[in-house]
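[1] pasted the sequence and its predicted model underneath.
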Amino acid sequence: MITNVWQAIDTNATLARAQPLLQTVSVELNQLKHLVHQIEDAERIHLKERDAELHAKERQTMVLFLFTALAVLTFLGYAWWWVRKLSAHIKVTSQQLKESEAIFSTLFYKGPYLYGVVEQGTGNIVMLNDRAYDFLELGNTNLSGKNVDELPFVHNQELKQSINQRIKAGEEITGTELAINTHTGERKWVALTAKPMPLQGKTCMVITAADITARKVAEERLLYLNEVLERKVQERTAELSDYKFALDAAAIVSITDADGNIKFVNDNFCKTTQYTREEVIGKNPRIFKSGYHTKEFYEKMWNTIQAGNVWRGEFRNKAKDGTLYWADTTIIPFMNEYAKPYQYLVIRHNITDKKTAQEQLEKLNTELEAKVQERTAELQETNRQLESFSYSVSHDLRAPLRNITGFTQLLEKQLNGRLQTADHELMKMIKDSAQHMNNLIDDLLTFSRMGRKPIEKNQLDMNLLVQSVIQQLTTGHSYKAEIYTDPLPHCMGDSTMLQQVWVNLIGNALKYSSKKYKPVIHIGTNDVNGQTVYFIKDNGAGFDMKNAARLFEVFSRLHTASDFEGTGVGLAIVHEIIQKHGGRIWADATPGEGAIFYFTLGNA
């Protein structure tokens, strides 16, 4: 605008005419300057306001930035702490999961229980643990993929079918006891539990089984022992009843209180003493004194029974009519909770006749002793001749037996190819009969030697002797009997002879129990009145006790040869050996339930 004005002055106006215009221009310029100054002042004020506003916004921005940065740092710190905590938790959880998996794996595969997984519906086996394979004795056999119907381990087919159907149907099974025949044929027992459970997208039956074989064996053993105990109790009850009857019939019985006053007498007491019950009840036994025994005799008797000990002795008493009689007497004290006698049981036997006969017996003893010596010499000579005859006959019989066997073998060789099946069977029967006769001769010779052989007594460890015989009899044989042996006391005896005793008795127990499903043999001892009684017990064929008298006779057999082989001489040999040791042997048996043989060795 200023430039245009000056151009107008230079070209159109004169200096005179330009004077008012210049004044106007000057005024305008001043106004313009004033306006510019106002604009500049306004601009400066505006700039100051903008600067203040910018500074304020910068401060706000800085505060917001600092607050935001602090918030971000706080968030990052919390996030870092939370991530570390979560990482540690994940690490601990992972370790716990690994430990749980290890524990589960150990329990499932190596634990004491049998585990299996079976598909519901199909009955196909998914998996079994190691314990199941070991229990079934399968070795390297793998049952995965097999169907439960194909398994041969359950002998009871009806029970097997029922359980398999319930498993396929997904029914829960709890604690069913089941007999199992393992891969090797051993019989075992399990308690079976099955529950449905989803597994890897399928509905499966998880089967758990506990091995209860030991318990079932113990139960069978306990049942057997209970039956034996019940039978013994019944037998003993019958015996006690018989004893009571016999005691009342044969003995003089009375019961007194602690002071000796009579409380009870039986019929024999009244018959012997000639007193009625009314006359003796409440009285003291001193009314029967005959004056024969001393004061010291009675004092010793009373001291014995008042101390709680049984007294045995002989009384010479006086009956009501004055007659004297002898009584063999046993006085048994009954003790209370304070260990004091509260009554006495007195058992007497009238031995008057015995005492009377004793003098005559003593007189006859001298004559009898001489006769016994004479008779003993005759018997010894007879036994010697009998043993010589038996030995000679046994040897003479061997030659024709050898000829029979040899000629039979020669005949088979010469007629080779021309003999029929029946002919071979006849030849075998001839040879078997000859061998059986040869065994009879061997046993007869053994029996004959036992009669002549003197005893050589030594201190013997009966435990080692029995164990060596058991090993000898079972090694290489198919016997499956369970043999229990109690500790046996040492003894004095002939080791060779007693070994023969154990060979025959244990051999018989193994033989006659071999047809049992679970043969059991028990060897031990009892102490009877301070004497050792050896016994060997089996649960085999047993025998009828009415034939027990023939048990130890030579060639006597209580079972047929078709049932059990043998010659019938073994127990006769045992009887001879036991007698040589000054002992005795006897047996108790029940047909089909087994037998018990007892023997003692006297003072050997």
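    Looks like it arrived, so ask away. Numbers count the residues shown, from 1 in each chain.
[2] alpha carbons only for contacts and neighbour counts from here, please
    Fine.
[3] what strand or helix carries the most centrally placed residue in the chain?
    The chain has residue 218 as the residue nearest its centroid, 4.7 Å off, counting by C-alpha atoms, centre = their mean. Using DSSP states H and E, residue 218 maps to helix 213-250.
[4] I'd guessed residue 349 sits against residue 328; true?
    Yes: between residue 349 and residue 328 there is a contact at 5.1 Å, judged by C-alpha atoms under 8 Å.
[5] if I look at residue 360, how far off is residue 346?
    Separation of residue 360 from residue 346 (C-alpha to C-alpha, to the nearest Å): 29 Å.
[6] of these two, who's got more company?
    Between residue 360 and residue 346, counting by other C-alpha atoms under 10 Å, residue 346 is the more crowded of the two (19 against 11).
[7] which SSE is that one in?
    strand 341-350.
[8] which residues does that strand contact?
    Under the criterion C-alpha atoms under 8 Å, 6 or more residues apart in numbering, residues 250-258, 260, 305-306, 308, 325-336 lie in contact with strand 341-350.
[9] low-confidence stretches in the stretch 101-250 of the chain?
    101-111, 240-241, 243-244, 246-247 (pLDDT under 70).
[10] for the stretch 451-600 of the chain, what spans make up the helices?
    Using DSSP state H, counting those that start in this stretch, the helices of the stretch 451-600 of the chain run over 462-474, 495-512, 570-580.
[11] put the alpha carbons of the longest one into PDB.
    These are the backbone C-alpha positions of helix 495-512, laid out as PDB (Å, rounded to 0.1, in the frame of the first residue of the first chain):
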ATOM      1  CA  SER A 495      21.900-143.700  63.600                       C
ATOM      2  CA  THR A 496      21.600-146.400  60.900                       C
ATOM      3  CA  MET A 497      18.600-148.000  62.500                       C
ATOM      4  CA  LEU A 498      16.800-144.700  63.300                       C
ATOM      5  CA  GLN A 499      17.500-143.500  59.800                       C
ATOM      6  CA  GLN A 500      15.700-146.600  58.500                       C
ATOM      7  CA  VAL A 501      12.800-145.800  60.900                       C
ATOM      8  CA  TRP A 502      12.400-142.300  59.400                       C
ATOM      9  CA  VAL A 503      12.800-143.500  55.800                       C
ATOM     10  CA  ASN A 504       9.900-145.900  56.200                       C
ATOM     11  CA  LEU A 505       7.600-143.600  58.200                       C
ATOM     12  CA  ILE A 506       8.200-140.400  56.000                       C
ATOM     13  CA  GLY A 507       8.100-142.600  52.900                       C
ATOM     14  CA  ASN A 508       4.800-144.000  53.900                       C
ATOM     15  CA  ALA A 509       3.400-140.500  54.700                       C
ATOM     16  CA  LEU A 510       4.500-139.200  51.300                       C
ATOM     17  CA  LYS A 511       3.100-142.300  49.500                       C
ATOM     18  CA  TYR A 512      -0.300-142.500  51.200                       C
END
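[12] before we move on, back to that, strand 341-350 and the helix holding residue 218, what's the angle between them?
    Orientation check (axes from the mean of the first three to the mean of the last three C-alpha atoms, to 10 degrees): helix 213-250 against strand 341-350 gives 60 degrees.
[13] give the next helix or strand downstream of helix 213-250.
    Using DSSP H and E, the helix or strand that follows helix 213-250 towards the C-terminus is strand 252-257.
[14] beyond that following strand, next helix or strand please.
    Next in sequence after strand 252-257, counting helices and strands by DSSP H and E, comes strand 262-265.
[15] what's next to that following strand, contact-wise?
    So strand 262-265 is in contact with 252-257, 277, 280-285, going by C-alpha under 8 Å, 6+ apart.
[16] please redo it, this time with the cut-off set to 6 Å
    The contact list for strand 262-265 (C-alpha atoms under 6 Å, 6 or more residues apart in numbering) reads 253, 254, 255, 256, 281, 282, 283.
[17] swap in stretch 462-480?
    With C-alpha under 6 Å, 6+ apart, stretch 462-480 has contacts from 488, 490.
[18] any idea of the mean pLDDT for it?
    Across stretch 462-480, the average pLDDT comes to 84.
[19] ok, stretch 490-506 next?
    Averaged over stretch 490-506, pLDDT sits at 86.
[20] one more: stretch 375-394?
    Here stretch 375-394 scores 67 as its mean pLDDT.
[21] could we number from 169 for the rest of this?
    All set: I'll call the first residue 169, so the last point we hit is now stretch 543-562.
[22] how near is residue 420 to residue 515?
    From residue 420 to residue 515 the distance is 6 Å (C-alpha to C-alpha).
[23] so between the two, which is more surrounded?
    Neighbours per residue (other C-alpha under 10 Å) separate residue 420 from residue 515, with residue 420 holding more: 24 against 20.
[24] got the residue ranges for the helices in the stretch 269-418 of the chain?
    For the stretch 269-418 of the chain, the helices defined by DSSP H, counting those that start in this stretch occupy 298-304, 325-337, 381-418.
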